[in-house]
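Asker: turn this into a model:
(chains A and B)
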Amino acid sequence: MIRKTVLRVVSKALIPFIALFAFYTQFHGDYGPGGGFQAGVILAAGVVLHGLIFGLAETRRVLPPRVVEVGAALGVLVYGGTGVLCVLLGGNFLDYDVLPEVLGMGGQHLGVFLVELGVGLTVSSVMVGILGAFSARGREL
Amino acid sequence: MDPGRGGCVIDALIDVFLLGLLVIVAVAVGQSRNLLVAVMLTGIYSLLSASWMLVLDAPDVAYTEAAVGAGVSTVLMLGTLALTTREEKPGPALEPVPLVVALITGLVLLYGTLDMPAFGDPASPVHQHVAPHYLQRSGEEMGIQNIITSVLASYRGYDTLGETSVVLTAAVGVFALLGGRRRRGAPVPEAEAP
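Answerer: Below is the predicted model of the structure:
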């Protein structure tokens, strides 16, 4: 679809804003609607749009499958690691009260922040990865 | 529902409009023999559901529905269509047994809703258990304003860890089945060659 000028130009202008909105949803989720899952799917939608317009080969060059696979596992690791960190600091699993205060965020706030980061990483990577796996089977969309 | 939002009549009109469109699109999906049209209509259905969620004051669900339902899954269905045909094979016109089963199930579900508490009823059991604690105390206990986030990530942290693991497991299953990564030394199929 790269030859369709309107689609190409509009998408090129839109994708950064979609990504920006995803990060806003991720990091502002503690204060407004949104959170890790929403941010992950919005970011994935931006990547999917990129794949539709510029072709999945180009998307794979920008975002190699290896990065996507590692990202999916890393998200769960961040989530579980936050829980283990709480245990190491003397609390219960996922009991963020024992986490230290960082940058003005209390323990609970820091825990929620880290956990949502893990969710966002896993969800966006999984969405992109599944699309890549599906479309690698056939011709370009 | 909420008198501060500009009158019940407008709210009711928006509700009827959105739900009516949902029914129309659902019937159109069922009628369509062209699978590409059906996929596009399911995308529209998702977008309408997202608007409906927004009317119900559930922006988190609306975000997810709009991005996943109207965006990612529509593209996934298009990718599936690229592997198959665009026309549905003509089947038998009307099968009586599935129709009766579907009708009876629908009526039973409708009958079940009669016992449910009214929409938004503050006295319903779901609003009596732990919800008041979350609503009143989560701000000071968590230090963050969004109650949904504190319930999901902290009070119900175990559930969300499980959900995230399920998402990862689903992806691992897809990678294993569809071969997201080739075995070393395996021949490169024609379609995947760069």
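Asker: is the top helix by length along chain A anywhere near chain B?
Answerer: If you go by DSSP state H, chain A has its longest helix at helix A:107-135. Yes - shown here: helix A:107-135 in contact with chain B (Cβ under 8 Å from any Cβ of the partner chain) through A:108-109, A:111-112, A:115-116, A:118-119, A:122-123, A:125-127, A:129-135. C-beta: built from backbone N, CA, C; applies to glycine.
Asker: which residues touch the residue lying closest to B:Ala153 once chain neighbours are set aside?
Answerer: Sequence neighbours aside, A:Val112 is the residue nearest to B:Ala153 in space, at 4.3 Å (criterion: Cβ to Cβ, 6 or more residues apart in numbering or on different chains). Residues near A:Val112 by Cβ atoms under 8 Å, 6 or more residues apart in numbering or on different chains: A:30, A:96, B:142, B:144, B:149-150, B:153-154.
Asker: on that earlier part again, for the longest helix of chain A, what is the distance to the chain centroid?
Answerer: Its chain's C-alpha centre and that of helix A:107-135 lie 4 Å apart, by Cα atoms, centre = their mean, to the nearest Å.
Asker: and the pLDDT at the residue nearest the centre of chain B?
Answerer: Nearest to the geometric centre of chain B sits B:Glu65, at 5.5 Å (Cα atoms, centre = their mean). On the pLDDT scale, B:Glu65 is placed at 91.
Asker: any figure for the gap between the residue lying farthest from the centre of chain A and chain B?
Answerer: The C-alpha centroid of chain A is most remote from A:Gly90, which lies 30.0 Å away (Cα atoms, centre = their mean). Distance, A:Gly90 to chain B, by Cβ to the nearest Cβ, to the nearest Å: 17 Å.
Asker: helix/strand/coil for that residue?
Answerer: Applying DSSP: H, G, I helix; E, B strand; the rest coil to A:Gly90 yields a three-state assignment of coil.
Asker: where is pLDDT lowest across the contacts of A:Val112?
Answerer: B:Met142 (75).
Asker: in contact with it, which residues?
Answerer: Going by Cβ under 8 Å, 6+ apart, the list of residues near B:Met142 reads A:106, A:108-109, A:112, B:150, B:154.
Asker: just put these in a markdown table and tack on distance to B:Gln128.
Answerer: Listed next are the contacts of B:Met142 as a markdown table, based on distance: Cβ to Cβ, whole Å:
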| residue | distance to B:Gln128 |
| --- | --- |
| A:Gly106 | 29 |
| A:Gln108 | 25 |
| A:His109 | 28 |
| A:Val112 | 26 |
| B:Ser150 | 20 |
| B:Ser154 | 21 |
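Asker: tell me the one of those nearest A:Arg3?
Answerer: A:Val112 (45.6 Å; Cβ to Cβ).
Asker: what mean pLDDT does the host helix or strand of B:Val27 get?
Answerer: Using DSSP states H and E, B:Val27 maps to helix B:8-31. Mean per-residue pLDDT for helix B:8-31: 90.
Asker: how far does that helix sit from its chain's centre?
Answerer: 16 Å.
Asker: how about it: buried residues?
Answerer: Across helix B:8-31, burial judged by 16 or more other Cβ atoms under 10 Å in any protein chain shown covers B:18, B:22, B:25, B:29.
Asker: retrieve the pLDDT associated with the closest residue to A:Leu117 other than its chain neighbours.
Answerer: In space, A:Leu117 comes closest to A:Val78 once its chain neighbours are excluded; the distance is 6.0 Å by Cβ to Cβ, 6+ apart. Note for A:Val78: predicted pLDDT of 92.
Asker: go on, the one 10 residues further on?
Answerer: The model reports A:Leu88 with a pLDDT of 87.
Asker: for it, give its distance to B:Val27.
Answerer: The spacing between A:Leu88 and B:Val27, counted by Cβ to Cβ, to the nearest Å, is 57 Å.
Asker: then B:Gly162?
Answerer: In this view, B:Gly162 and B:Val27 are 37 Å apart by Cβ to Cβ.
Asker: from the chain's centre, how far out does the lowest-mean-pLDDT helix or strand in chain B sit?
Answerer: Among the helices and strands of chain B, helix B:131-142 carries the lowest confidence by mean pLDDT, DSSP states H and E, at a mean of 77. Its chain's C-alpha centre and that of helix B:131-142 lie 28 Å apart, by Cα atoms, centre = their mean.
Asker: then stretch B:16-32?
Answerer: Computed by Cα atoms, centre = their mean, the chain-centroid distance of stretch B:16-32 equals 16 Å.
Asker: and the contacts of it?
Answerer: In contact with stretch B:16-32 (Cβ under 8 Å, 6+ apart) are residues B:38, B:41-42, B:44-45, B:48-49, B:51-52, B:55.
Asker: one more time with 6 Å, if that's ok
Answerer: B:38, B:41-42, B:44-45, B:48, B:51-52 (Cβ atoms under 6 Å, 6 or more residues apart in numbering or on different chains).
Asker: same check on stretch A:67-74?
Answerer: Residues from elsewhere that reach stretch A:67-74 (Cβ under 6 Å, 6+ apart): A:121-122, A:125-126, A:128-129, B:168, B:171.
Asker: good, wrapping up.
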